[in-house]
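Enquirer: generate coordinates for the sequence data below:
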Amino acid sequence: MSSSTLQQIVDTARSVAREVIMPHFLTAQRNQKDDGSLFTVVDLAAQEALIERLPRIIDRPVLGEEMPESVQLRLWHESEDGIWCIDPIDGTTNFVNGIPFFGVAIAYIQGGRTRYGVVYNPMTDEAFYAHEGGGAFLNGNPLPLRTPARHLMDAVAGVDFKRIPKALGDALATQSPFYSQRNFGSSALEWCFIAAARLDVYLHGGQMMWDFAAGSLIAAEAGARCSMLDGEALDMAPGRKTPVVVGASADLYREWMDWLSAHGGR
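Expert: A predicted model of the protein is given here:
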């Protein structure tokens, strides 16, 4: 793993955000894909820019969120030697509506594991990044930025109620075990908020691999622990929605998993 390679990825995320994405902030028009999800022509332009630039860093194919699923699956199955996985604008609804919380997410995956992860928020100029075994950083500062909560009852939780089991959602709404709850609308950045300990625990009912591939490495390198709701490792493959449970520390993760399991999480 190379720190210079990681810096090149960060620089690429910044340049694509500056040149392709931000000139269209507040002017982009929404469109809807066949699966009901939102995209803009800016998502497509940013994806094309990343497809052009990332192979200059590591000469491997680029799998993007805005590609047809058939193309994603073909690229994935041909990617034994490594593949880029990108979400050109994670948080497109926020981007379209002028909410300053969206990011460029870039992961390099090899052997089914993320080796490099970068998430960049152009509104705050915050670049979160990690390479496997090298720690996690925010603009050069080691993560986490603060000590996470010691116990679940003191935790600030990121919870997205979409696609979680109804019984669990009802329990979270009426018997919440944490101090406070937030939902920001960008999965990749929410993973990074776990890494920074801005959030202490996290739950999402269904993420695609481009939602978590970069952020999960950054969080893990900052000391977080994660799994699916059943306790198994995250399902890294296109075309699948994966529930995610994350704690900013091993102790928080265990306490969070125990509560979720006892209240309909399995």
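Enquirer: please pull out the lowest mean pLDDT helix or strand from the protein.
Expert: Least confident helix or strand of the chain, by mean pLDDT, DSSP states H and E, is strand 38-39 with a mean of 61.
Enquirer: following that one, which helix or strand comes up?
Expert: Sequence-wise, the next helix or strand downstream of strand 38-39 (DSSP states H and E) is helix 41-53.
Enquirer: quick one: mean pLDDT over that following helix.
Expert: When pLDDT is averaged along helix 41-53, the result is 96.
Enquirer: list the buried residues of that helix.
Expert: Neighbour-count burial for helix 41-53 flags V42, D43, L44, A45, A46, Q47, E48, A49, L50, I51, R53 (criterion: 16 or more other Cβ atoms under 10 Å). The C-beta positions use only the backbone N, C-alpha and C, and glycine is treated the same way.
Enquirer: need those in CSV with distance to T124, can you?
Expert: Shown next, in CSV, are the buried residues of helix 41-53 (distance: Cβ to Cβ, whole Å):
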residue, distance to T124
V42, 19
D43, 20
L44, 24
A45, 22
A46, 18
Q47, 22
E48, 25
A49, 21
L50, 20
I51, 26
R53, 22
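Enquirer: ok, the residues you listed vs A155, which is closest?
Expert: For those, the minimum distance to A155 (Cβ to Cβ) is 32.9 Å, reached by D43.
Enquirer: next one: the closest one from L6, what distance?
Expert: Distance of D43 to L6, given as Cβ to Cβ, to the nearest Å: 24 Å.
Enquirer: so how far is stretch 91-110 from its chain's centroid?
Expert: Mean-position distance between stretch 91-110 and its chain equals 9 Å (Cα atoms, centre = their mean, to the nearest Å).
Enquirer: scratch that, stretch 140-150 is what I was asking about
Expert: Here stretch 140-150 is found 18 Å from its chain centre; the criterion is Cα atoms, centre = their mean.
Enquirer: list the buried ones in that stretch?
Expert: By neighbour count with 16+ other Cβ under 10 Å, stretch 140-150 contains the buried residues L143, P144, P148, A149.
Enquirer: so where's the stretch 51-200 of the chain shaky on pLDDT?
Expert: By pLDDT under 70, the stretch 51-200 of the chain has no low-scoring segment.
Enquirer: now do the helices in it.
Expert: Under the criterion DSSP state H, counting those that start in this stretch, the stretch 51-200 of the chain carries helices at the ranges 69-77, 92-97, 166-174, 187-196.
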